[in-house]
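*Asks:* The sequence isn't on hand, but the structure is:
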């Protein structure tokens, strides 16, 4: 019979081995995250404004801060642009590896993001743990009181979860996400602007320059005012007509009855004409939506209530939009939506476009396009948008889209804080440089001024120069005057399309819009759903009273077409360099 | 002969018109975005599978198809399980208000799905069913069960009552009779019912996307991500569109033999 007297010793041995193994495994387990951090820093986040050591330290902080949340699963959502695609496919994975919190970064169309956000706001049920929501909703968020202000979170329950090296002062878009109460409601994640786009190669051609000077009496160059833009549009569409045997146009736009027609206007078209008041980031008391506020309460958008939606400047801006679309753009432009018209200039028959988003930069620098040189540099450039006759120094001059992290009060605290960690990760200095190079949507001063950006600049058609220039601050999102962005924004395309199709005159269309906008604000006032700064509409009075007051609404100018003014692109760059 | 030629011509024109959009979708899915937005081409100049590669290599894309198929299958199964006994009862038994109930069953289908959106959302999120497959499947049952009962009732009424009685005399228990004898007799009806339930659930987007966020997100909601601030990704959108047609095609292929009798809804 087999005597099993060996067994206690064997047992002890195996126990000892397993204890030793456990001991060896423990540090390995703790190191799994720092290994991941090292791997990501070396492979993916090589380009950064931080040193290797600083990067690893920042990543180690994330590992440490997330310790109690390991194994958690959170869901965040954003619209689809290259930056968010990068976050969804790369950054979410990196964050999971480094912290142990599993993030699903969902991508859906922007309209659907807003819909989910509204559903969560109105029902109080948690759908996503964080949203990347355009800062155009800042006026909505601070009034309804459903959003956790970032600045409160940073001092309150999120204090231990706030990255010490976040460096808020380095962000270029904080003005846009700060409400009149001084609190920061959203944290910028990506930004792009709406600027002027033109074919620099054509603008340099001697024959065209000479011809333009002969006809219009001044130099062909980047238009400073709308008169010059109009002249150049006419020049290419009617005087030049063909370049190298191809029909060319001096203007491109879109005009289909479609929700995207709303952005064409709410993305600051009236401010370019000069309809609002002075003040940055948005005019005060009247902003570019034509909404007047008194002590943060919206008081009206019709001229009869002190607003400027149907004032002479807005009517002028709408008239110009319609005229240029009809006279100078390709005939099919009238039937196009935003997404259909966007890629058209890349096909090489458009000389300039007054309303162009820098989000198109990477798709317009692809090799093989008619607007890209052999060496990969673009034939086009972007420049500051020209302004209309009502515009004055000190006013905003264009639109900037700022997608920003937004946290709801209806999200459970634990999940919200985990999402807050991820949000900070996507904008941390370790990753933001790489993200900026991939998506071309800069958010940090330090990234914009980096050597990596200088290196990339020749391929980007003026994007870097624009973001480095002092002119940048004149480009801003919808401001805090707009009390309910989703409800009000949807009115615009319905009325603007009437003007675009010729069903009604610009004045009639804007009268309708002003009235509809005031009606919604009146309903908001009656329903009393806003925690702070809800609308308090002015009594209607004679329009002339308001037109006689200083500032917006401004009375009609006798001459809406002053002499055209242009500036050579190179001089513009020099001026920026000198100022910055 | 002349008559036949003209008929053939008419049918050809008809087929061309019906198939043209699908053909367009199909060739778009094999083109690059640059080609789609550039010149008008009748077939791909630079044939590419890149658009399909995007969908098949990215889990957040192909999971949309899996999610959709899961809740659609659940919906079809639940619909049939509920509707078969109900249809049998309406066809065979008389009870107070049976005619009225039968008619008013359809009232659920008279309202657009949007009406039920918020109640469903509130209900499902309060009992923790939000963002689950079963939530969408149950929501779709609201529309599919009444229709299924109506279709099946027609088929069942087409089967003479004598079969039930004969089976009873032969000593079959009711469940055994129902499964062994009755269901095979109305199987084309069941096929057609399943087809209708499948089709409604497969193309319905409003409820499906409101009741989900991540885990059960339908393909229709994921397709919206091709629309961005820098334009539409036409190629991928077309590829995704082609792939949404495939399951429907397969289902029709399998029920094609029953469709002829099925579309008369059993009333021969």
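*Replies:* Cool, the structure landed. The model shown is predicted, which means the values in this text are computed figures rather than measured ones.

*Asks:* Pull the contacting residues for residue B:91.
*Replies:* B:153, B:156, B:157 (Cβ atoms under 8 Å, 6 or more residues apart in numbering or on different chains). No exception for glycine: its C-beta is placed from N, CA and C like everyone else's.

*Asks:* Model confidence score at it, please.
*Replies:* Here the pLDDT value assigned to residue B:91 is 91.

*Asks:* what's the burial count for the closest residue to residue A:183 other than its chain neighbours?
*Replies:* Closest residue to residue A:183 apart from its sequence neighbours, by Cβ to Cβ, 6 or more residues apart in numbering or on different chains: residue A:149 at 4.1 Å. Applying other Cβ atoms under 10 Å in any protein chain shown, we find 23 residues neighbouring residue A:149.

*Asks:* Equivalent analysis for residue A:512, please.
*Replies:* Quick note: residue A:512 (other Cβ under 10 Å) scores 18 neighbours.

*Asks:* so is it in a helix, a strand, or just coil?
*Replies:* helix (DSSP: H, G, I helix; E, B strand; the rest coil).

*Asks:* OK, contacts around the nearest residue to it once chain neighbours are set aside?
*Replies:* Excluding the flanking residues, the one nearest residue A:512 by Cβ to Cβ, 6+ apart is residue A:495, at 5.0 Å. In this structure, residue A:495 makes contact with A:509, A:510, A:512, A:513, A:516, judged by Cβ under 8 Å, 6+ apart.

*Asks:* Try it again at 7 Å.
*Replies:* A:509, A:512, A:513, A:516 (Cβ atoms under 7 Å, 6 or more residues apart in numbering or on different chains).

*Asks:* Go through those residues and say which is closest to residue B:251.
*Replies:* residue A:516 (46.0 Å; Cβ to Cβ).

*Asks:* That closest one reaches residue A:489, doesn't it?
*Replies:* No - between residue A:516 and residue A:489 there is no contact under Cβ atoms under 7 Å: 11.8 Å.

*Asks:* higher neighbour count, those two?
*Replies:* The residue with more neighbours, out of residue A:516 and residue A:489, is residue A:489; 21 against 18, by other Cβ under 10 Å.

*Asks:* tell me the SS of that one?
*Replies:* From three-state DSSP, the assignment for residue A:489 is helix.

*Asks:* partners of residue A:190 in the sheet?
*Replies:* residue A:403 (DSSP bridges).

*Asks:* Just to check, residue A:196 is in contact with residue A:354?
*Replies:* Yes - using Cβ under 7 Å, residue A:196 makes contact with residue A:354 at a distance of 5.9 Å.

*Asks:* list residues touching both of the two?
*Replies:* Shared contacts of residue A:196 and residue A:354, counting by Cβ under 7 Å, 6+ apart, come down to A:385, A:386.

*Asks:* of the two, who's got more company?
*Replies:* residue A:354 (26 against 21).

*Asks:* so that one touches residue A:197, yeah?
*Replies:* No - using Cβ under 7 Å, residue A:354 is not in contact with residue A:197; the gap is 8.2 Å.

*Asks:* can you tell me which residues contact the residue nearest to residue A:183?
*Replies:* A:183, A:184, A:185.

*Asks:* which SS class is the residue in the stretch 351-500 of chain A that chain B sits nearest to?
*Replies:* In the stretch 351-500 of chain A, the residue that lies nearest chain B is residue A:359 (4.3 Å; Cβ to the nearest Cβ). Following three-state DSSP, the label given to residue A:359 is helix.

*Asks:* List the residues that contact it.
*Replies:* By Cβ under 7 Å, 6+ apart, the neighbours of residue A:359 are A:81, A:192, B:229, B:230.

*Asks:* now the third one: how far from residue A:436?
*Replies:* As judged by Cβ to Cβ, to the nearest Å, residue B:229 and residue A:436 stand 16 Å apart.

*Asks:* So if we follow the domain assignment, how does the chain break up?
*Replies:* By default, I'm working from chain A. A:27-192+A:401-461, A:193-398+A:471-479+A:560-579 (automatic domain parsing).

*Asks:* look at chain B instead
*Replies:* B:1-48, B:57-262.

*Asks:* Could you identify which of these has the lowest mean pLDDT?
*Replies:* domain B:1-48 (a mean of 85).

*Asks:* Surely residue A:195 and residue A:385 touch.
*Replies:* Yes - contact criterion Cβ under 7 Å: residue A:195 and residue A:385 qualify, at 5.6 Å.

*Asks:* Mutual contacts of those two, please.
*Replies:* Common neighbours of residue A:195 and residue A:385 (Cβ under 7 Å, 6+ apart) are residue A:398.

*Asks:* more neighbours, these two?
*Replies:* Using other Cβ under 10 Å as the criterion, residue A:195 and residue A:385 rank with residue A:385 on top: 30 against 25.

*Asks:* isn't there a strand covering that one?
*Replies:* No - under three-state DSSP, residue A:385 sits outside any strand and is assigned coil.

*Asks:* helix/strand/coil for the nearest residue to residue A:228 once chain neighbours are set aside?
*Replies:* Spatially, and ignoring its direct neighbours in sequence, residue A:228 is nearest to residue A:564 (3.5 Å; Cβ to Cβ, 6+ apart). Following three-state DSSP, the label given to residue A:564 is coil.
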